[in-house]
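Q: Show me how the following folds:
(2 chains, ligands or ions: 1)
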Amino acid sequence: MLVVEDDVRNVFALTSVLEPRGATVEIARNGLEALAALERSGKGAGANIDLVLMDIMMPEMDGFTAMREIRKRGEWKKLPIIALTAKAMRDDQEKCLAAGANDYIAKPLDVEKLLSLIRVWMPK
Amino acid sequence: MTDRDSSAESPADRSFEIELKLLIDAIYLKYHYDFREYAGASLKRRLLAALERFDCATLSQLQDRLLHDTEVFPQLLDYLTVQVSEMFRDPDYFLALRQTVIPMLRTYPSLKIWVAGCSTGEEVYSFAILLREEGLLDRTLIYATDINTNALARAAAGVYSVDRIAGFTDNHRRSGARNSLSDYYTAAYGRAMFDKSLRKNIVFSDHSLATDSVFAEVQLVSCRNVLIYFNRELQDRALGLFSDALCRKGFLGLGSKESLRFSRHADAFADLVREQRLFQKQDFAA
Ligand SMILES: C[S@@+](CC[C@H](N)C(=O)[O-])C[C@H]1O[C@@H](n2cnc3c(N)ncnc32)[C@H](O)[C@@H]1O
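A: Numbering: from 1, shown residues only, chains lettered A, B, ... in the order given. As a prediction, this is how the structure comes out:
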């Protein structure tokens, strides 16, 4: 799974929830690094990134732009993306969906909710 | 920091109060901007100015237009928020930062700074320039946030009217600068455009201290001339966000008319440079 997040504290919180549950977590610190990581991960069934957790407020390339870039590519059209947003209002969250997220979760992250979302969106 | 009106109420005032509350609720319900906890008196003044601008006799009329014409709200937002700013505003604040905070920030391998309520960007560019002068800009990421997206767009452009640059230059000099401000802009056709390289490490983002949450851990929060528009509860909410965002021993700077004194979070911070409203998060604070 790919975690796109530039904040050390958040990355630590996410990996310490995900790794003990058997997920292999790769970190990208902004949208550009995320695209590069996806590029490296390979395509189709052999790809080793099966889900993306995407922060919005990042340097270089923000989460909205990164999601739009990902959705432009045919092979990544179905890749599940969950947006991590510090914004609480419905229209902000709709913006995440419009940019290509499958779902979103508000910060500060509720671990149980995040795990539920991952269970829903992780391809079987 | 309170801004309450204690004058006796006439029936007309009473109606205005009711309309004000309804208007603020309407804005919240329709546009999800939360002004419910803003200080009343200055909000009232600004809405009176808006009545004139939109040529409405009452706030109820304004509310009608606001709900049925979606072009109105973005314009009204410029009345609901105050966009007064300048570069190196209160030069002594920036001087104190250079003298007291920068030496401690130098000890971090990488830095994050949050300028909350950055308006049209003057404060953010002041920080970028100061950090460049202190040799820290390359390892710093600045989050510049505001609720006014028009202002944010102007901040991201970094273009100011040439008439304002003389004042900025004077402030910059008084902030302890060793260079001339002219090193950082090119002026032509009445506008000064600040150097693109200054904003390489700036993330401009729509974020509300009233409704949104912490997004990153930072070493310094500068939130100046924003809390004065909030009531006590909302000030506490914002200060709570700052306290959560700050790392251990992180720094907080407020505006010259703002203080922590009556806040629920006062104990979380110690005075660093009292006259300049610079504080440091206490060690024991969570
Ligand atoms: C007077 S300006 C301060 C500009 C700059 N910090 C300075 O001191 O020169 C106040 C800014 O606070 C912003 N603001 C108001 N409510 C806010 C909120 N809830 N969250 C974030 N910013 C807010 C306004 O949009 C405005 O740009």
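Q: who's in contact with the residue positioned nearest the centre of chain B?
A: The residue lying closest to the centre of chain B (Cα atoms, centre = their mean) is B:Gly117, at 2.4 Å. Applying Cβ atoms under 8 Å, 6 or more residues apart in numbering or on different chains to B:Gly117 gives the contacts B:Thr145, B:Asp146, B:Leu209, B:Cys223, B:Arg224, B:Asn225, B:Val226. Every residue, glycine included, has its C-beta placed from N, CA and C.
Q: Need the max-distance pair from these.
A: B:Thr145 and B:Asn225 (14.4 Å; Cβ to Cβ).
Q: Who has more neighbours out of those two?
A: Neighbour tally, B:Thr145 and B:Asn225, criterion other Cβ atoms under 10 Å in any protein chain shown: the higher count belongs to B:Thr145, 24 against 19.
Q: Then that one would be within a strand, right?
A: Yes - under DSSP: H, G, I helix; E, B strand; the rest coil, B:Thr145 falls within a strand.
Q: mind checking how far it is from B:Asp55?
A: Taking Cβ to Cβ, to the nearest Å as the measure, B:Thr145 and B:Asp55 are separated by 33 Å.
Q: how about the residues of chain B near the ligand?
A: Contact residues (Cβ under 6 Å from any ligand atom) of chain B with the ligand: B:81-85, B:89, B:117-119, B:122-123, B:146-148, B:151, B:208-210, B:224-226, B:229, B:255.
Q: quick one, domains of chain B?
A: By the assignment in automatic domain parsing, chain B contains the domains B:3-80, B:91-281.
Q: Identify, out of those, the most deeply packed stretch.
A: domain B:91-281 (a mean of 19; mean count of other Cβ atoms under 10 Å in any protein chain shown).
Q: Pull up the distance across that one, start to finish.
A: One end of domain B:91-281 sits 23 Å from the other (Cα to Cα, to the nearest Å).
Q: Check which helix or strand B:Tyr125 maps to.
A: helix B:122-133 (DSSP states H and E).
Q: so what secondary structure elements neighbour that helix?
A: strand B:111-116, strand B:140-146, helix B:165-174 (3 or more Cβ pairs under 8 Å, 6 or more residues apart in numbering or on different chains; DSSP states H and E).
Q: The residue nearest the centre of chain A sits in which helix or strand?
A: Chain A has A:Leu53 as the residue nearest its centroid, 1.8 Å off, counting by Cα atoms, centre = their mean. Taking DSSP H and E as the definition, A:Leu53 sits inside strand A:52-55.
Q: rewinding a little: tell me how far the residue nearest to the centre of chain B lies from chain A.
A: Distance, B:Gly117 to chain A, by Cβ to the nearest Cβ, to the nearest Å: 15 Å.
Q: Nearest residue to that residue in space, please, no chain neighbours.
A: B:Val226 (3.3 Å; Cβ to Cβ, 6 or more residues apart in numbering or on different chains).
Q: quick one, what contacts residue 38?
A: If you meant another chain, say so; for now it's chain A. A:Leu2, A:Ile49, A:Val52, A:Ile70, A:Trp76, A:Leu79.
Q: other chain: chain B
A: B:Ile24, B:Tyr229, B:Phe230, B:Asn231, B:Leu234.
Q: what pairs with it across the strands?
A: B:Phe230 (DSSP bridges).
Q: Check it and give its pLDDT.
A: Per-residue pLDDT puts B:Tyr38 at 97.
Q: next one: B:Ser6
A: On pLDDT, B:Ser6 comes in at 50.
Q: ok, now A:Lys77?
A: So, for A:Lys77, pLDDT stands at 91.
Q: I'd like to know how many residues surround it.
A: So A:Lys77, with other Cβ under 10 Å, has 10 neighbours.
Q: how about it, phi and psi?
A: Note on A:Lys77: its backbone torsions stand at phi -60, psi -40 [degrees, to the nearest 10].
Q: Tell me which other helices or strands the longest strand anywhere in chain B touches.
A: If you go by DSSP state E, chain B has its longest strand at strand B:246-254. In terms of contacts (3+ Cβ pairs under 8 Å, 6+ apart), strand B:246-254 is packed against strand B:218-223, strand B:278-281.
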